[in-house]
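Okay, sequence plus prediction incoming.
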Amino acid sequence: MSQLLAKPLEEPAEPRLRLRWLVRGTVLTLAILSLWPSVARSRAPLVVPAMSPFVAIASLVATGMFSLAGGLGLAMAAIVLVRRRWLCRWVCPTGTCAEMASRMGARLGLRTPRLPAAGQWIALATLGGAALGYPVLLWLDPLALFSGAFTPLGPASGAAARLGPIALAVLLLVSVAMPGAWCARLCPLGGTQELLFALRRLAPRWGGLRSDPSDHRAKWRGARRTVLAIGAGLAWAALTRKRRAAQAMPLRPPGAAAEETFVGLCVRCGNCVRACPTRIIAPETGAYGLAGLLTPTLVFREDYCLETCTLCTQVCPSGALAPLAPAEKRRAPIGRAQVDMELCLLAEDRECAICRSRCPYDAITYVFSPESYMVTPHIDAARCPGCGACEAACPTKPTPAIFVRRPHPS
C-alpha cells in the first residue's frame with residue numbers, strides 16, 4: 001500500500017497547468033471572501049471547512065448522523081475516489097498557499113528530507129478515534145486551519161484567537177523549509193484522498209487475473225500499518241474521553257455534543273466565533289486542558305445568547321454543534337443559572353429585580369424564605385436554558401451573583 005501511494009503524481013501539460021492555477025486562484029479568492037467578517041452571519045463560511053472529506057467521514061463515524069455540511073465533504077470524497085487528489089489539485093486554498101510557499105523554498109535551494117506518509121496515519125488514527133466518538137486529530141484538517149486563520153478578524157480577541165493565523169503560518173513555514181512536505185506527506189486531508197483512491201486501486205482484479213506477489217506483500221504491510229494507526233486512535237480517544245469526563249466543563253454554544261466528544265469533533269474553524277451577533281463566543285485558552293484549546297466557549301460579561309439566534313449552529317462543519325431552530329434551544333440547554341446569595345444584593349436587604357426583569361424565558365421568580373427571613377431568587381430549571389441574560393445584567397461586579405454553570409453528568 002505504501003509503495004502504491006508513494007507513486008508521484010503526473011505533471012500536467014502547460015495549458016492544463018495554467019488552467020489549474022487559474023481555477024485555484026479563483027477558488028482561493030472566493031474562499032477568502034466567504035470567510036471575511038462581513039459575511040460571517042451567513043452560510044458562506046460553512047463552505048470552506050465543509051468541503052473536506054476528512055472532516056465529513058470522521059464526523060459521520062463519530063456522530064452517526066448525516067448533515068448537509070457533511071454531504072458536501074462526502075461528494076468531494078466520491079470525486080477523489082476516481083480522480084486522485086482532485087481536491088488538492090484544483091480546490092484546496094491551503095494547498096494553493098502551501099504550494100506557493102514550497103516554490104519559494106525551492107528557489108532558496110531548500111530540499112525535502114525523506115518523510116513517511118504521516119498524513120495517511122493521522123487520517124487513520126482520527127478515524128479510529130471517531131469510532132469512539134472522539135476524532136483525535138480532526139483539527140489538523142487544512143481547510144479548518146485556513147478558516148481558523150480568519151478568527152481574529154471577527155469579534156474575538158486575545159492570544160487564543162491569534163493562534164489561528166499562527167497555525168496557518170507554521171504550516172506555510174514548513175512548506176518553505178521542506179518544499180512539498182505538507183501537501184505530499186503530512187496533510188491528513190491529502191492522506192485521506194490517497195487512502196480513498198487506494199481503495200479503488202487495491203480492489204480485487206476482475207477476470208481472475210493473477211496479481212504480482214509483491215502486490216500481496218504491499219497490501220499486507222498497508223493492512224498492518226492501517227490496523228496500528230486505527231488502534232492508536234482508539235487508545236488515544238479512550239484515554240482522552242476518560243480524562244475529559246472527570247474535568248470541569250466550560251459553557252458551550254447551544255446544540256453542543258457531549259463534552260468528551262465535542263473537543264474532538266470541533267475543528268477550531270472559528271465560524272461560530274465570527275457568526276455570533278452578541279460576541280459571547282470566544283476560543284478556549286486551554287484553561288480546561290490542552291485537548292480543548294481553541295474550542296468555543298461562552299462568556300456572558302456584556303451580553304447573552306439571544307433567544308432568536310442559532311447562527312453558530314448553522315455554520316458548524318463537523319457536527320460539534322447540531323443545527324438548531326430557535327424554538328429548539330430550550331431542548332438543548334447551555335447550562336443552568338445558579339445564585340450565590342453571599343454576593344446577591346437581596347441578601348443585604350437591598351432592592352434588586354434586574355435578573356428577573358432581564359430573563360427572556362420567565363425562569364426567575366423571587367421567593368420569601370421564613371427560615372432566612374429574606375427574599376431569594378428561584379430558578380425554574382424547566383424554563384432556564386442557560387442563555388446568560390441574568391448573568392450579563394447582574395449589577396454585582398466583577399463577579400456576578402447569578403451565573404450559568406453546566407451541570408456535570410452524573
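Thanks, I have it.

Residues touching the helix or strand encompassing L172, excluding its own?
Assigned by DSSP states H and E, L172 belongs to helix 159-177. Helix 159-177 is contacted by residues 94, 97-99, 101-102, 104-105, 108, 110, 142, 145-146, 148-152, 181-183, 186, 268, 270, 273, 282-286, 293-294 when judged by C-beta atoms under 8 Å, 6 or more residues apart in numbering. Where C-beta positions appear, they are placed from N, C-alpha and C, glycine not excepted.

let's go with 7 Å and repeat that
Helix 159-177 is contacted from outside by 97-98, 101-102, 104-105, 110, 145-146, 148-149, 151-152, 181-182, 270, 283-285, 294, using C-beta atoms under 7 Å, 6 or more residues apart in numbering.

Residue ranges of each domain in this protein, please.
2-203+214-245, 333-410 (automatic domain parsing).

What residues of the helix holding L172 count as buried?
Of all the residues in helix 159-177, those buried under the rule 16 or more other C-beta atoms under 10 Å are 160-161, 163-165, 167-168, 171-172, 174-177.

For A322, find the nearest of the domains of the chain.
For A322, the closest of the domains of the chain is domain 2-203+214-245, at 7.8 Å, according to C-beta to C-beta.

Contact partners for the closest residue to P377 other than its chain neighbours?
Spatial nearest neighbour of P377, excluding adjacent residues (C-beta to C-beta, 6 or more residues apart in numbering): V339 at 5.0 Å. Counting by C-beta under 7 Å, 6+ apart, V339 makes contact with T376, P377, A401, I402.

before we move on, the earlier item: pick the most deeply packed of the domains of the chain.
Ranked by mean neighbour count under mean count of other C-beta atoms under 10 Å, those are led by domain 2-203+214-245, which reaches a mean of 19.

looking only at pLDDT, what's the mean for that domain?
Averaged over domain 2-203+214-245, pLDDT sits at 87.

what's the spacing between the helix or strand where L145 lies and its chain's center?
Following DSSP H and E, the helix or strand that holds L145 is helix 142-148. Centroid separation for helix 142-148 versus its chain: 9 Å, with C-alpha atoms, centre = their mean, to the nearest Å.

Show me what it is packed up against.
helix 44-50, helix 93-107, helix 159-177 (3 or more C-beta pairs under 7 Å, 6 or more residues apart in numbering; DSSP states H and E).

Reformat those into JSON lines and put distance to R331 next to each item.
Listed next are the helices and strands packed on helix 142-148 as JSON lines, based on distance: least, C-beta to C-beta, whole Å:
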{"stretch": "helix 44-50", "distance to R331": "23"}
{"stretch": "helix 93-107", "distance to R331": "37"}
{"stretch": "helix 159-177", "distance to R331": "30"}
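
Ok, which of the ones you listed comes nearest T261?
Smallest distance to T261 across the helices and strands packed on helix 142-148 (C-beta to C-beta): 17.9 Å, for helix 44-50.

which residues sit against the closest one?
So helix 44-50 is contacted by 31, 34-35, 39, 55, 69, 72-73, 93, 141, 143-144, 146-147, 267, 269, 271, 274, 315, 317 (C-beta under 7 Å, 6+ apart).

Alpha carbons of the helix holding L145, as CSV, please.
The C-alpha trace of helix 142-148 is given here as CSV (Å, rounded to 0.1, in the frame of the first residue of the first chain):
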residue,chain,number,x,y,z
PRO,A,142,-6.1,22.1,6.3
LEU,A,143,-9.4,23.7,5.3
ALA,A,144,-10.3,24.1,9.0
LEU,A,145,-6.9,25.7,9.6
PHE,A,146,-7.4,28.1,6.7
SER,A,147,-10.8,29.1,8.2
GLY,A,148,-9.4,29.5,11.7
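
can you list contacts of it?
31, 35, 45, 48-49, 51-52, 55, 92-95, 164, 167-168, 171, 187, 189, 267-271.

likewise stretch 320-338?
251-257, 262, 265-266, 272, 298, 305, 307-310, 312-314, 379, 381, 384-387, 390, 402-407.

Quick check: I280 touching R301?
No - using C-beta atoms under 7 Å, I280 is not in contact with R301; the gap is 8.0 Å.
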